[in-house]
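1. any chance you could fold what I've pasted below:
(2 chains)
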Amino acid sequence: MVRGAIAGPDTPSFVASADDIRLVETLRAGDERAFTSLVNELYSSLLRVAMIYVGSRAVAEEVVQETWVGVLHGIDRFEGRSSLRTWIFRILTNTAKTRAEREGRSIPFSALAGEGDERESAVDPDRFLGPDHPTWAGHWAAYPMSWSEVPEQRLLSKEVRALIEDAVEALPARQRIVIRLRDIEGFSSEEARTILGLSEANQRVLLHRARSKVRGALERYLAQEQI
Amino acid sequence: MPGRACNVPRPDETDHVRETVLTITGNESDWLTCQELIELVTEYSEGAMAPGDRFRFEEHIAVCPPCRAHLRQMRETIRLLGQLTEENIPPRTRDELLNAFRDWKRA
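-> This is a model prediction of the structure:
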């Protein structure tokens, strides 16, 4: 229901859609059902993102509640310059940051440790022929296998889901938050950048590293299985 | 000129495509290695590549089955990430929020 405007070539995706505007009017009018449905829809995403800032689940739950209070108090000032979802997430990240600071856990997003500019390979370099190879340096030595033979029900099994969840949880914080917004919650690149205050290139590097690691985890798991 | 097809004996048709691509593009130094290509996958899928780089990416993918397999794995990973189940809101939290909404409405 709450979608950012469809990103076409001419329409920046961070502008509120007609649906957003209607929903905001419904909320301003005090429609409980619209509110509850929005709260349900965004709960999981808000909680996960909050947890990245504040660490504990209990505090994250409080942050989500505070966020909704902030949303209600600010909704008359919502001008539709971003999608409603982006706007709500910005309130969340601000609330979460304030809370983290108060608890002495303050880590500005831009300075979260352990994932600076150091080089990181998307695939283990050992999978490629070394630079001394006469003709095939930098080409695959150990091939990626095809997953097309893996049955869909296997890929969607609880076990594989848990594996993916674990791989995401094991990521450094900034990679985790970017992959969550982009691939799990389905935010556009522009929305995610607006929420997190990241440059396009920066977000892309984080997303690439995050996806590559999750892919690696899946590959290891599925390879094991096929033996 | 070294063979270009990522260290595998290729089916003839792949060799043919590869030769054609190299004939068109010529320059060996333009060729991406597989190891370079896999670092560009997200840049490619985000549509953030300059046209020249995009062409080099696509010409490599066209002749390199293992890189295609890698690309498909990345797409599959993204698809599966999108299927993760969401957590439902605990009823107590929902009720508290609904109360907050009613308070706000009254104010």
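2. give me the most central residue, chain B.
-> Nearest residue to the geometric centre of chain B (Cα atoms, centre = their mean): B:Val41, 4.4 Å.
3. A:Arg204 is in contact with that one, correct?
-> No - look at B:Val41 against A:Arg204 with Cβ atoms under 8 Å: they stay out of range, at 10.5 Å. From N, CA and C alone the C-beta is placed, and that goes for glycine too.
4. find residues that contact each of the two.
-> Contact with both B:Val41 and A:Arg204 is made by no residue, according to Cβ atoms under 8 Å, 6 or more residues apart in numbering or on different chains.
5. for A:Ile184, the count of nearby residues, please.
-> Around A:Ile184 there are 20 other residues, counting by other Cβ atoms under 10 Å in any protein chain shown.
6. ignore the last one, B:Met49
-> The number of residues packed around B:Met49, counting by other Cβ under 10 Å, is 16.
7. show the contacting residues for it.
-> Residues in contact with B:Met49 (Cβ under 8 Å, 6+ apart) are B:Leu40, B:Glu43, B:Phe57.
8. just the buried ones from those residues?
-> B:Leu40, B:Glu43, B:Phe57 (16 or more other Cβ atoms under 10 Å in any protein chain shown).
9. let me know the closest of the residues you listed to chain A.
-> Nearest to chain A among the buried ones among the contacts of B:Met49 is B:Glu43, at 6.2 Å by Cβ to the nearest Cβ.
10. so where's chain A uncertain?
-> Counting by pLDDT under 70, the ranges of chain A that qualify are A:1-14, A:105-118, A:225-227.
11. packing partners for the longest helix along it?
-> Ranked by number of residues, the top helix in chain A under DSSP state H is helix A:200-226. Applying 3 or more Cβ pairs under 8 Å, 6 or more residues apart in numbering or on different chains; DSSP states H and E, one finds that helix A:200-226 contacts helix A:158-169, helix A:173-179, helix A:189-196, helix B:41-45, helix B:65-81.
12. ok now that helix, how far from the chain's centre?
-> Mean C-alpha position of helix A:200-226 versus that of the full chain (Cα atoms, centre = their mean, to the nearest Å) differs by 14 Å.
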